[in-house]
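**Student:** Return a 3D structure for these sequence lines:
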Amino acid sequence: MRLAAFDAFPPEEQKRVAVQKAVNQWRREDWAAPAPRVYCLSNYTLNGIELFLSYHLLKQKLRPEITFSDFNVVAQTLLDEDSSLHRSKPDFVVLSLDLRILIKDFLANTWDEAREAEALIQLLDLARARIKAPVIVTDFALPLLPDSRGAPSLEAKVRALNTALAAYVREHASQFFLVDVNRLVGLLGASEVHDSKLWHSSKAPYKSPMWSWLAREMATIVAAHYGRAKKCVILDCDNTLWGGVIGEDGLDGIALDASKFPGVAYHQFQAYLLGLHARGVLLAICSKNNEADALEVFERHPHSLLKKEHFVCIRANWKNKAENIADIAKTLQLGLNNFVFIDDSSVECALVEQSLPELDVIQAPADPSQFERIWQAEDLFFIPHRTTEDGAKLQQYRDNDNRAESAAGFQDIAAFLQSLDTRVELVLNRPGQAEHIARIAQLTQKTNQFNLRTVRYTVQEIEAFVASDQHLVFHMQVRDKFGELGITHVCILHLDGEGGAFVDTFLMSCRVIKRELEQFFFHACAEQAREVFGVDNVRAEFVPSSKNQLAATFWAELGFQVEQEADGRQRCHARLDALSYAQPRHIQLIAK
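**Tutor:** Numbers count the residues shown, from 1 in each chain. Model (predicted):
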């Protein structure tokens, strides 16, 4: 899919007719997808966002069900157990307020800032107490009044409320997510945002472009909870990471000097990429170049912020770029939908887009002063809850390279596994121990290949399981002689209180497939469930998906009785004392 960076907000996404046509087409198409229930809670007429929110979520391969509250009954809706909010059991809630309705005589500027800030926090506390789903909150648009130099200015008071709101969201970051309305107003321009006529006639504040951009921000947050965030950006070099062609202009002839144009534009783009790297996003090179020429810039140019060590893969050669990108995806063991490719050449972008349609392609603008539009558009790399593993991805891929190199020296897989010195830690998560919750939720959201039921959970849902006396939430951390692999296994058991348990979730990261860890993990969880909680029989399922056939025989291999259904689903059961297991010698349990 092409994402035109030089037009950070494509015109077709601003027009209701074009968007409605796309939504109708996607709704007719027969493809399986998660169906997030989104509830929009507002004190103004928010319904204008519905079409655009549907569009941006369908574009992310999600089939949303969107419901709206009645007009200006926010607190009542939260408090009423029989309200449409609670009946709909939403997966996500949008909370959006307009100060012109929320605060009496708002424009007269006679209201008390401290009192209104306190009332706002009380409303947010009520939302947090009554809503268990993630909450997407919009902040308040600054008033377009020429009073900013006065005291007390209305603008200053609104900024103070926004500061209080942002602080609350940071404090409760496991559940609340902020959409910065004023950033969008700045990017679109006030004339493309506010609709005075609709506001006065129906209390709908925005024009179509603003509805669409707000929807895109919200859809990014929702989609990220379903593992839709991109994991790697693949970059061309010439006229993308620097100005000019290194093979022709030489090291002194390319533009990368931060003190003058156009070098400053490329320097800032490298700074943006360095920030992505710090967030755990992988960087890779795919360039038609001599590798030595490309590496010379990273190693020797005084203004290059990016160095060779920042890249997980470098493919600088004269092969077809689509072929190189496919090779990068294979090397990293990631699907093509996890990548974004950025290149200045319209020809290369078109060829890659045609050959690899799952890939997101951004054509860098010909005018380097417009490079900032690349990062002003939607955050393709947004992850709702960043974990220790996210920040260690580059090192983990390098460790994997070392493992692969080591494996090549063994003829016997058993000998190789023994040489890895694999040590594991089994953890039963307890209430009050929140440090691993985000990673557990993240694994449920993005693990596909070895995932027996492919059920997706949010941080709040995992927290509820951990707090419940009817659930056991296990995870396993793995390390070997090459480094830390982090949390790679999750098992959630639902106890029936009579000695039985249902395996709600059982998954394993693809990073540790074919190391005999999955059976070890199950038996370790089962042993603790039996010894501590009296579990003696287990029910389980295999629910087939388009990607988890690797795990189809797992329950049978463990010794479960398997009932095969026509749709491929398996219903399985076993008594724990009937299962036999010999722990592999190459796995060492270091904590329990």
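**Student:** List the buried residues for stretch 70-87?
**Tutor:** Asn72, Val74, Thr77, Leu78, Ser83, Leu85, His86 (16 or more other C-beta atoms under 10 Å). The way it works is simple: take the backbone N, C-alpha and C, and place the C-beta from them, glycine included.
**Student:** Then stretch 47-60?
**Tutor:** 48-60.
**Student:** How is the protein partitioned into domains?
**Tutor:** The chain is divided into the following domains under the TED database: 14-226, 232-381, 410-589.
**Student:** Give the rounded mean pLDDT of the last one.
**Tutor:** The pLDDT scores in domain 410-589 average 93.
**Student:** so how far is the first residue of stretch 313-322 from its last?
**Tutor:** 15 Å (C-alpha to C-alpha, to the nearest Å).
**Student:** before we move on, the earlier item: and of the domains of the chain, who's closest to Glu389?
**Tutor:** domain 410-589 (4.2 Å; C-beta to C-beta).
**Student:** Lys157 contacts Leu107, doesn't it?
**Tutor:** No. Assessed by C-beta atoms under 8 Å, Lys157 is found out of contact with Leu107, at 11.6 Å.
**Student:** Quick check on these two: which one has the bigger neighbour count.
**Tutor:** Lys157 (21 against 12; other C-beta atoms under 10 Å).
**Student:** Quick check: which helices or strands does the helix or strand encompassing the more buried one pack against?
**Tutor:** Using DSSP states H and E, Lys157 sits within helix 154-171. If contacts are counted by 3 or more C-beta pairs under 8 Å, 6 or more residues apart in numbering; DSSP states H and E, helix 154-171 sits against helix 113-130, strand 176-179.
**Student:** try 10 Å
**Tutor:** helix 99-102, helix 113-130, strand 135-138, strand 176-179, helix 181-188 (3 or more C-beta pairs under 10 Å, 6 or more residues apart in numbering; DSSP states H and E).
**Student:** what about the helices in the stretch 401-550 of the chain?
**Tutor:** Taking DSSP state H, counting those that start in this stretch as the criterion, the stretch 401-550 of the chain carries its helices at 413-419, 437-446, 459-467, 517-533.
**Student:** What residues of the longest one count as buried?
**Tutor:** For helix 517-533, the buried set under the neighbour-count rule, 16+ other C-beta under 10 Å, comprises 517-526, 528-530.
**Student:** tilt between the longest strand along the chain and helix 437-446?
**Tutor:** Using DSSP state E to define each element, the chain has its longest strand at strand 483-495. Relative orientation of strand 483-495 versus helix 437-446 (axes from the mean of the first three to the mean of the last three C-alpha atoms, to 10 degrees): 80 degrees.
**Student:** strands paired with strand 483-495, and their directions?
**Tutor:** Sheet pairing for strand 483-495, assigned by DSSP bridges, gives strand 471-480 (antiparallel), strand 500-508 (antiparallel).
**Student:** With distance to Asn162 and mean neighbour count as extra columns, can I get these in JSON lines?
**Tutor:** Shown next, in JSON lines, are the strands paired with strand 483-495 (distance: least, C-beta to C-beta, whole Å; neighbours: other C-beta atoms under 10 Å):
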{"stretch": "strand 471-480", "distance to Asn162": "36", "mean neighbour count": "22"}
{"stretch": "strand 500-508", "distance to Asn162": "38", "mean neighbour count": "23"}
